[in-house]
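Asks: Would you be able to build a 3D model of this:
(one chain, ligands or ions: 1)
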Amino acid sequence: MRSVYFPLLLFPLLIFACRSPLATPQVMSKRVAAGDFEYVRHRFDSIQRPLNFEFPRQRNYDNTAYLPDTTHADYLPVRNVLLNFHVMNSADTVYDFYGAKATEYITYLLSFSNKKFNNNPRSWLQPDSMDVPALPTRIQFKLATDPATGRPAIYEHYDDELYDYRHDNPGRNRGDMAVVKKYAVRTERELNIFLMGPPWAGPQPVGPPSPGSGIFLGDAVKLTDPLSGKSPAWELRKVFTHEVGHALGLWHAWGKSDGCDDTPAHANLSWKLKKRGPGVSSNNLMDYSPNQEALTPCQIGRMQARMADPTSKQRRWVRRDWCEYRPEKRVVIDENVTFDGARDFNSDVLVRAGFTLTVNNRFHLPLGAKILVEPGARLVLGPDAILHNDCGDNWGGVEVGVLNKTLRGEVVADPRATVLNETT
Ligand SMILES: [Zn+2]
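Replies: Purely as a prediction, here's the structure:
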């Protein structure tokens, strides 16, 4: 009798012994953390899959949806703005500004500008009862490459008619488009920058020496006057980034109608003040001052929002880094995150167990890249979500992690959400 009953008693104990490791949340979370589970493809149903889809033109941007996250920089990938440069001169080179000297100047100009955009300083003037944080801009400037030569896109033009730039009277020609029309290249992909000088002969600029002047003219920025040597690159950086700020969608900050409530209205008299500093004068990039360099969160959001809009002029100048899949890096969502602004990632996006990623705007992934939803994680698509590939390819789709019947990744999609060119 004893020999018959012993295995029967042991059998349930063995089952219990085998199953118990799966039963505890701690063990399951360890298995999820170790990647000890399978991913299966999530098939969307009851969402929109239009055959022909065109992004609507945007008129109003939600700037707050494009603010950099100081604890998760990678939630807002850096935008690299592509620039080419035109170095003007007279036919007999009245200015000693060409060749290696001009290239070095441009290199410094970009370097100083990128440093300031990386380390955006605190605003000196803030509206009453408002603390305006100094966020990183997540914007950088890159010298384009000439597609024909493979060399840096710096062009020299020796043109007696068009080398001069007079910002003010006498002979003001700042709005003259002739130099842009004649020499601008690849306006569909790059912002053209013209480095110009004051006229060698004829009417001379009046007024005190300035660190330079500039103007944004739709497809190009004209700057004076690095040619004369009066505007070193670290000084011209202020005017240069101010004009590029206009190009990226910013207005002057001292008025009441710049679209930002974190830039206080003021008299814009910084150049005339004897004492300048925090609480006294402005250091905003879009005001006039010797200190112009700070950008408020709203201003950063305005630029970022435009660069994320597939129908905008600004997006054309952004290097399309998001088209190149980088499998070695991935965006890890390890908090509850909502993307109400559009995003262009160039990697997989992983939603960690215990957290929810909510997407409610355009969301691009490159060829082959996936959204991975760990067991116990959630992906929510809101009514304005558009998952797609912006580069004429297919993106890799959504995969959910499956550990057992009860623990798997969850996908919740509003029926108005849109999924485009997902790989099959
Ligand atoms: Zn301006």
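Asks: all contacts plus neighbour counts: C-alpha atoms, from now on.
Replies: Fine.
Asks: Quick check: phi and psi on residue 306?
Replies: Main-chain torsions, residue 306, degrees, to the nearest 10: phi -70, psi -40.
Asks: let me fix that: residue 294
Replies: Taking degrees, to the nearest 10 as the convention, residue 294 sits at phi -80, psi 150.
Asks: same check, this time on the one 10 residues further on
Replies: Dihedral angles phi and psi of residue 304 (degrees, to the nearest 10) take the values phi -60, psi -40.
Asks: Now do the closest residue to it other than its chain neighbours: how many residues are near it, please.
Replies: Once flanking residues are discounted, residue 304 sits nearest to residue 66: 6.0 Å by Cα to Cα, 6 or more residues apart in numbering. For residue 66, the count of nearby residues is 25 (other Cα atoms under 10 Å).
Asks: correct me, but residue 66 touches residue 306?
Replies: No. With contact defined as Cα atoms under 8 Å, residue 66 does not reach residue 306; the gap is 9.7 Å.
Asks: Contact partners for the residue nearest to residue 304?
Replies: 76, 300-302, 304-305, 341-342 (Cα atoms under 8 Å, 6 or more residues apart in numbering).
Asks: again, only using 6 Å
Replies: Contacts for residue 66 (Cα atoms under 6 Å, 6 or more residues apart in numbering) come out as 301, 304-305, 341.
Asks: Any stretches of the stretch 101-250 of the chain with poor pLDDT?
Replies: 201-210 (pLDDT under 70).
Asks: what about the strands in it?
Replies: 139-143, 154-158, 191-196, 213-216, 220-224 (DSSP state E, counting those that start in this stretch).
Asks: Please report phi then psi for residue 332.
Replies: phi -110, psi 120.
Asks: beta partners for the closest residue to it other than its chain neighbours?
Replies: Of all residues not flanking residue 332 in the chain, residue 350 sits nearest, at 4.9 Å (Cα to Cα, 6+ apart). As for beta bridges, residue 350 partners with residue 332, residue 372 under DSSP bridges.
Asks: what's the burial count for residue 86?
Replies: Neighbours around residue 86, by other Cα under 10 Å: 22.
Asks: again, but for residue 262
Replies: Residue 262: 22 neighbours (other Cα under 10 Å).
Asks: quick one, what contacts residue 190?
Replies: 82-83, 317.
Asks: One more pass at 8 Å, please.
Replies: 81-84, 144, 316-318.
Asks: Quick check: of the residues you listed, which lies closest to residue 418?
Replies: Top of the list for closeness to residue 418, among those and by Cα to Cα, is residue 316 at 23.8 Å.
Asks: Is the closest one in contact with residue 186, as I believe?
Replies: No. With contacts counted by Cα under 8 Å, residue 316 stays clear of residue 186, the gap being 10.2 Å.
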